[in-house]
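# Have a look; sequence and predicted model below, questions after that.
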Amino acid sequence: MPSAMLTGITGQDGSYLAEQLLSRNYEVHGLVRRTSSTQRERLDSLFKDDQVYEKRLFLHYAELDDATTIRRILVKTQPDELYHLAGQSHVGTSFEIPESTCQFAAMGTLKLLEIVRDLSKQPRFLHISSSEIFGRPEVTPQNEQTPMCPVTPYGVAKTFATNMVRLYRDSFGLFACNAICYNHESERRGESFVTRKITKAAAAISLGLQKKLKLGSLDGRRDWGYAPDYTDAMWRMLQQPEPEDYVLATGAAHSIRDFLSAAFEAVELDWREYVEQDPRYMRPAEVTQLVGNASKAESQLGWKAATTLNDLAVRMVRHDLQLYSNQARQNS
Ligand code: GDP
């Protein structure tokens, strides 16, 4: 049975990847932070499955900056594949807490690479990189050769980590890859990201639970895909004969207004009547034109982002409507 270790297993991508690996018959290990809250709702269905939890899915406590503990866990579990998904991934927040963003996104990745370098059985390593490394690029769409030009603390940290992965691959011979992911969303997206904030608000407003939606700049355009498509590509990357970097993207850029239209149309409302601008959500710097060219992933991995923006928005709104109706049932 192949085995995999995931950092960030409780996050959006980690939870989808864990499910996909389990369905591919992997033994799955996850590194989790010890916090006072044991709520890990994205993994709930796996915890409740007694054929899975502590049979084929195992969690281990370690902070990302605790190299000694991570080393011990990796020596003990000897995974075939290591997916490094953890880290503070909110770009807006990275302006508020740049040091800890870099500590985890940049130094956390380097620490993991150093541990892997020393292991006698080295797992194949995947780092989730980000379109934020391109910042304000000179070319559109971007591909694996596009020069990095980050403009946010998160982007700078991811640029460091992405380059370190390349260095460890080229200089130390690690099977290490960067998945350069454009925005990917889902029903499990954190509620402070703009897509989920919009779909939750559309659902709440349509049910009379909320009156207005306060947002920052609506000028940005993003290449938004569906998260499970992206985690599937990550697995495919580690099955290749050679370690390489891949851009994972839909190739289509949409504005925040497009996403607002799609989400509010799903509940038959006009978003213009509900959205207000709030300077609290404006950022000191914005990336405005990020769109990816995933033709390498398509030709080498046989992968294509399959979900359209409209399908994504409708799926997320439906989920949030259900969430509110479950809450109402529990409270009654
Ligand atoms: P990002 O691409 O990783 O920064 O993903 P986000 O979902 O956090 O933000 C996407 C875009 O939405 C950025 O251009 C934000 O400035 C913009 N945006 C506008 N209002 C908001 C808001 O209230 N919250 C967030 N997170 N983003 C917002």
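All right, it came through fine.

# for the one helix or strand Gly14 maps to, packing partners?
According to DSSP states H and E, Gly14 maps onto helix 12-23. Helices and strands touching helix 12-23, by 3 or more CB pairs under 8 Å, 6 or more residues apart in numbering; DSSP states H and E, are strand 3-7, strand 27-32, helix 44-47, helix 227-238. Just so you know, the C-beta spots here come from the backbone N, C-alpha and C atoms, and that holds for glycine as well.

# can you tell me which of the ones you listed the model trusts least?
With a mean of 88, helix 44-47 has the lowest mean pLDDT of the helices and strands packed on helix 12-23.

# What's the first helix or strand after that helix?
Moving toward the C-terminus from helix 44-47, the next element (DSSP H and E) is strand 57-61.

# Right, and the ligand sits closest to which residue of the protein?
Closest residue of the chain to the ligand, CB to the nearest ligand atom: Gly220 (2.9 Å).

# Any idea how far stretch 177-186 is from the middle of the chain?
6 Å (CA atoms, centre = their mean, to the nearest Å).

# And it, end to end?
Counting by CA to CA, to the nearest Å, you get 24 Å between the two ends of stretch 177-186.

# Quick one: mean pLDDT for it?
On average, stretch 177-186 scores 97.

# what residues does the longest helix anywhere in the chain touch?
In the chain, assigned by DSSP state H, the helix with the most residues is helix 309-331. Here helix 309-331 makes contact (CB atoms under 8 Å, 6 or more residues apart in numbering) with 185-187, 189, 195-196, 198-200, 202-204, 206-207, 209, 224-226, 250, 252, 254, 258-259, 262-263, 266-267, 307.

# Same list, the residues you listed, but only the ones touching the ligand.
For the ligand, the contacts drawn from the contacts of helix 309-331 by CB under 6 Å from any ligand atom are Thr195.

# Select from the contacts of helix 309-331 every entry located in helices.
Using DSSP H, the contacts of helix 309-331 in helices are 195-196, 198-200, 202-204, 206, 258-259, 262-263.

# and the two most separated of those residues?
Greatest spacing in these, by CB to CB: Ala204 and Asp258 (20.7 Å).

# what's near enough to touch His127?
By CB under 8 Å, 6+ apart, the neighbours of His127 are 84, 109, 161-162, 165, 176-179.

# Go again with 7 Å.
By CB atoms under 7 Å, 6 or more residues apart in numbering, the contact set of His127 is 84, 109, 161, 165, 178.

# ok, of the contacts of helix 309-331, which come out buried?
185-187, 189, 195-196, 198-200, 202-204, 206, 224-226, 250, 252, 254, 258-259, 262-263, 266-267, 307 (16 or more other CB atoms under 10 Å).

# still on that earlier bit, between the ones in helices among the contacts of helix 309-331, which is nearest Ala67?
Arg196 (32.9 Å).

# if I pick the residue nearest to the closest one when sequence neighbours are not counted, what's in contact with it?
Using CB to CB, 6 or more residues apart in numbering and skipping the chain neighbours, the partner closest in space to Arg196 is Arg189 (4.1 Å). Residues in contact with Arg189 (CB under 7 Å, 6+ apart) are 12, 195-196.

# Over to Trp303?
Contacts of Trp303 by CB under 7 Å, 6+ apart are 233, 236, 297.

# What is the neighbour count of the closest residue to Ile9 other than its chain neighbours?
Counting by CB to CB, 6+ apart, Ile9 lies nearest to Gly30, which is 3.0 Å off, once chain neighbours are set aside. For Gly30, the count of nearby residues is 25 (other CB atoms under 10 Å).

# same check, this time on Glu63
15.

# Tell me the secondary structure at it.
Following DSSP: H, G, I helix; E, B strand; the rest coil, we place Glu63 in the coil state.

# Contacts only, for it.
Arg33.

# quick one, phi/psi of it?
phi -80, psi 150 (degrees, to the nearest 10).

# Listing request: residues of this structure with sub-threshold pLDDT.
Low-confidence segments of the chain (pLDDT under 70): 36-39.

# how does it divide up, domain by domain?
Segmentation of the chain into domains, based on automatic domain parsing, reads 3-185+225-248, 194-221+253-284+308-331.

# mind putting those in JSON lines, distance to Leu290 included?
Formatted as JSON lines, these follow (distance: least, CB to CB, whole Å):
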{"stretch": "domain 3-185+225-248", "distance to Leu290": "5"}
{"stretch": "domain 194-221+253-284+308-331", "distance to Leu290": "7"}
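
# How about the residues of the stretch 1-150 of the chain by the ligand?
Counting by CB under 6 Å from any ligand atom, the stretch 1-150 of the chain sits next to the ligand at 91-92.

# and if we set it to 8 Å?
89-92, 130-132 (CB under 8 Å from any ligand atom).

# Pull the most distant pair out of those.
Once CB to CB is applied, these give Gly92 and Ser131 as the farthest pair, at 15.3 Å.

# okay, the two: which has more neighbours?
Just comparing Gly92 and Ser131: by other CB under 10 Å the higher neighbour count belongs to Ser131, 24 against 18.

# now the helix holding Gly14 against helix 194-206, angle please.
100 degrees (axes from the mean of the first three to the mean of the last three CA atoms, to 10 degrees).
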